[in-house]
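>>> I'd like to go over a predicted model; first the sequence, then the structure.
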Amino acid sequence: MPRANRHFLPHHVWHITHRCHRQEFLLKFAKDRQRWRYWLYQARKRFGLCVLNYIVTSNHIHLLVRDHGEGEIAESMQLIAGRVAQEYNRRKGRKGAFWEDRYHATAADSEVYLARCMVYVDLNMVRAGVVSHPDDWTVCGYREIQHPPQCYAVIDRLALCNLLGIQHDAGLREQHAGWIETALANGEYAHETCWTQSLAVGGREFLEAVRATLGSRGRYRDIEEQHGMLALREPATAYKADFGVEPPL
């Protein structure tokens, strides 16, 4: 799975996906999914990672974050991927790669596009036929938003409200739940490749700005309609990010 770019553009929201090596079900046990979330929490503490949403499935993860332009996303992904892989391999006496060596990042426009990306992430396990409602999957942002934990929260609820144009936390929970119920009632949870195979998703002005910021890397990227939304096409050449079993220093 290719990365959208080597350097994250500051102050954008990014939808990140990272798959287990060869799409193996290395996260099939709840304790391993919980360890991924633990290291996400540590990334927020250590690097100031602004987390907006997430879900850990049995063979990949989705992470929605906002970039402050201080390298915190790359540092966080190295920490999480390295520590999860090391712990798993040590416990299982396993050698070799845990993750695909590349992860993918798609920039998401704010408000309506961000809300749609939130729902896409939340409905991942419903889409897979594992659960009938996202509240039934324990390690996910939907559960955290709807049932705020007393400690070890990872989602920046204030940042999420600001980006969505919502005034307060109660409104966030209400609107978030409403989006999910509407999508479930209408059967709107199909796979949308624009969130996993594009540079950016959003309004035309937003996409033009992203393309301009990318400079030569964005020169030949077309804006196309995908799933009723506009998306900036993925580059042909992928940039690698090596996440082996060794933890970062």
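Looks like it arrived, so ask away.
>>> going forward, measure contacts and count neighbours with C-alpha atoms only.
Noted.
>>> okay, buried residues for the top helix by length along the chain please.
With secondary structure taken from DSSP state H, the chain has its longest helix at helix 72-92. The neighbour-count check on helix 72-92 (16 or more other CA atoms under 10 Å) flags 72-74, 76-89 as buried.
>>> centroid residue for this protein?
The centroid of the chain falls nearest to residue 63 when counting by CA atoms, centre = their mean (2.0 Å).
>>> ok, and the closest non-adjacent residue to residue 155?
Nearest non-adjacent residue to residue 155, counting by CA to CA, 6 or more residues apart in numbering: residue 51, 4.9 Å away.
>>> pLDDT value on the residue lying farthest from the centre of the chain, please?
The outermost residue of the chain relative to its centre, with distances by CA atoms, centre = their mean, is residue 93 at 29.1 Å. pLDDT for residue 93: 96.
>>> quick one: it from residue 87, how far?
10 Å (CA to CA, to the nearest Å).
>>> what pLDDT does the model give the nearest residue to residue 125 once chain neighbours are set aside?
Leaving aside its sequence neighbours, residue 125 sits nearest to residue 131 (CA to CA, 6+ apart; 6.0 Å). Note for residue 131: predicted pLDDT of 97.
>>> what's the answer for residue 63, then?
So residue 63 comes in at 98 (pLDDT).
>>> once you drop chain neighbours, what's closest to it?
residue 54 (4.4 Å).
>>> the residue nearest to residue 155 sits in which helix or strand?
strand 50-56 (DSSP states H and E).
>>> which helices and strands sit right next to that strand?
Applying 3 or more CA pairs under 8 Å, 6 or more residues apart in numbering; DSSP states H and E, we find strand 50-56 packed against helix 30-47, strand 60-66, helix 112-122, helix 141-146, helix 157-164.
>>> who are the packing partners of the longest helix of the chain?
Helices and strands touching helix 72-92, by 3+ CA pairs under 8 Å, 6+ apart, are helix 30-47.
>>> what does the helix it packs on rub up against?
27, 49-51, 56-58, 72, 75-76, 79-80, 83-84, 88, 139, 152-154 (CA atoms under 8 Å, 6 or more residues apart in numbering).
>>> how does it look with 6 Å?
Contacts of helix 30-47 with the rest of the structure, by CA atoms under 6 Å, 6 or more residues apart in numbering, involve 27, 56, 72, 76, 80, 154.
>>> could you check how far it is from the centre of its chain?
14 Å (CA atoms, centre = their mean, to the nearest Å).
>>> and residue 80, what does it touch?
With CA under 6 Å, 6+ apart, residue 80 has these contacts: residue 39.
>>> low-confidence ranges in this protein?
Along the chain, the model assigns pLDDT under 70 to residues 1-8, 235-249.
>>> am I right that residue 9 falls within a strand?
No. Counting by DSSP: H, G, I helix; E, B strand; the rest coil, one finds residue 9 to be coil, located in no strand.
>>> on that earlier part again, quick one: the residue nearest to residue 155 from residue 167, how far?
For residue 51, the distance to residue 167 equals 18 Å [CA to CA].
>>> just residue 36 next, same as before
In terms of CA to CA, residue 36 sits 31 Å off from residue 167.
>>> neighbour-wise, which of the two wins?
Between residue 36 and residue 167, counting by other CA atoms under 10 Å, residue 36 is the more crowded of the two (22 against 11).
>>> how much space between the more buried one and residue 102?
Taken as CA to CA, the span from residue 36 to residue 102 is 17 Å.
>>> just residue 123 next, same as before
Counting by CA to CA, the gap from residue 123 to residue 102 is 23 Å.
>>> quick one: which of these two has more around it?
residue 123 (27 against 20).
>>> thanks a lot, see you next time.
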